[in-house]
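# Could you look at this predicted model? Sequence included:
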Amino acid sequence: MKKIIAMMMALAMTASLAACGGNGGEESQTPASNDPATSQSVAGTETPTELSGTVLCVGSTSMENVMKTLAEQFGNDNEGVTVNVEGGGSGAGVEAALNGTADIGLASRALDADEEAQGLVGTILALDGIAVIVHPDNPVADLTVEQIAQIYTGEITNWSEVGGNDGEIALIGRESGSGTRDGFESITDTEGACQYDEELTSTGSVIESVRNNPNAIGYASLSNVEGDDTIKALTVGGVACSEATVLDGTYEIQRPFVLVTKEGTELSAQAQAFFDWITSTAANDLIAGAGAVPVAE
């Protein structure tokens, strides 16, 4: 009888140990991430949100060099984001921002009162000099703002009247609605009075036309002509068009590069991140390298 009782106790202890061992194995296979609190903590601290998608900037062709430089760097730093920069002129940039067909409009002029009344907001990205350009073989090296105005309004028609060779001056400029044209005409006080021989739709076309005509004169953004020895930038009143003279205000023909957005319209996460970065000091070197004068401090 004692042997039977002892055997029954031994079997009971063995069954108990087996049961404990089974429960321990099941517990060790349960992943920690099944705990909701643990999963949220890991997600909140170790998985940062990455930017993705596209950003569309439309407008001033004068701003293309600067904007494409910034877009390329931002894309390199944020592999999930593509920033597209398209021209069309400042008027197109203002319209794109107004109707929402672009994330950011580009205007190489300040917004007017009517545009601001429609809820548009202009943020100055940089300053830009408008260089007055001629063919490199033209002996004229300097003109005053008054002489430039007289040339573009038809009061002066021959290069010999300003110390150059005998030759009728060909007046090259931008199309109506261009920010470069608006800036040039407002500064030279020639709005509506310029006698253009050619009105072209891009900065590149103006440069090309002047490059191919020894008697031509044109105007173009500093960022587009700097370092181009196939044309010649005149000094204006004895002051060269450069980043330094634009920043200190001694070069008279200059204008702002403006980012246009609409009040009350929220930018996408990637567009907001791009906007914040290009208007910070972190982008200053790239803006300067592209030929414009940064203003962020």
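Structure's in. What do you need?
# where along this structure do the strands fall?
Secondary structure of the chain (DSSP state E): strands at 53-59, 81-86, 104-107, 120-134, 142-143, 170-174, 198-200, 216-221, 232-233, 235-236, 254-262, 293-294.
# Correct me if wrong: residue 188 contacts residue 237.
No: Residue 188 is beyond contact range of residue 237, at 12.0 Å (criterion: CB atoms under 8 Å). (Glycine included, C-beta is placed from N, CA and C.)
# between the two, who's got more neighbours?
Legend: neighbour count by other CB atoms under 10 Å for residue 188 and residue 237, higher for residue 188 (25 against 15).
# Tell me how far that one lies from residue 271.
36 Å (CB to CB, to the nearest Å).
# now residue 105
Taken as CB to CB, the span from residue 105 to residue 271 is 12 Å.
# so who does the residue nearest to the spatial centre of the chain touch?
When the chain is reduced to its mean C-alpha position, the nearest residue by CA atoms, centre = their mean turns out to be residue 67, at 3.1 Å. Listed by CB atoms under 8 Å, 6 or more residues apart in numbering, the contact set of residue 67 reads 57, 85, 106.
# Run a quick neighbour tally on the second one.
Residues lying near residue 85 (other CB under 10 Å) number 23.
# If you rank every helix and strand of this protein by mean pLDDT, what lands last?
helix 36-46 (a mean of 36; mean pLDDT, DSSP states H and E).
# can I see the domain layout of the chain?
53-127+256-294, 128-254 (automatic domain parsing).
# how about JSON lines for these, with mean pLDDT added?
Putting the domains of the chain into JSON lines (pLDDT from 0 to 100) gives the following:
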{"stretch": "domain 53-127+256-294", "mean pLDDT": "96"}
{"stretch": "domain 128-254", "mean pLDDT": "95"}
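# Surely residue 201 is in contact with residue 91?
No: Residue 201 lies out of contact with residue 91 (CB under 8 Å); the separation is 11.1 Å.
# what sits in contact with each of the two?
Going by CB under 8 Å, 6+ apart, residues that sit against residue 201 and also against residue 91 are residue 178.
# So which of these two has more stuff around it?
residue 91 (19 against 15).
# can you tell me how far the residue lying closest to the more buried one once chain neighbours are set aside sits from residue 115?
Using CB to CB, 6 or more residues apart in numbering and skipping the chain neighbours, the partner closest in space to residue 91 is residue 177 (3.5 Å). Here the criterion is CB to CB. By it, residue 177 lies 13 Å from residue 115.
# One more: residue 205?
Counting by CB to CB, the gap from residue 205 to residue 115 is 26 Å.
# these two touch, right, residue 50 and residue 80?
Yes: under the criterion of CB under 8 Å, residue 50 makes contact with residue 80 at 5.6 Å.
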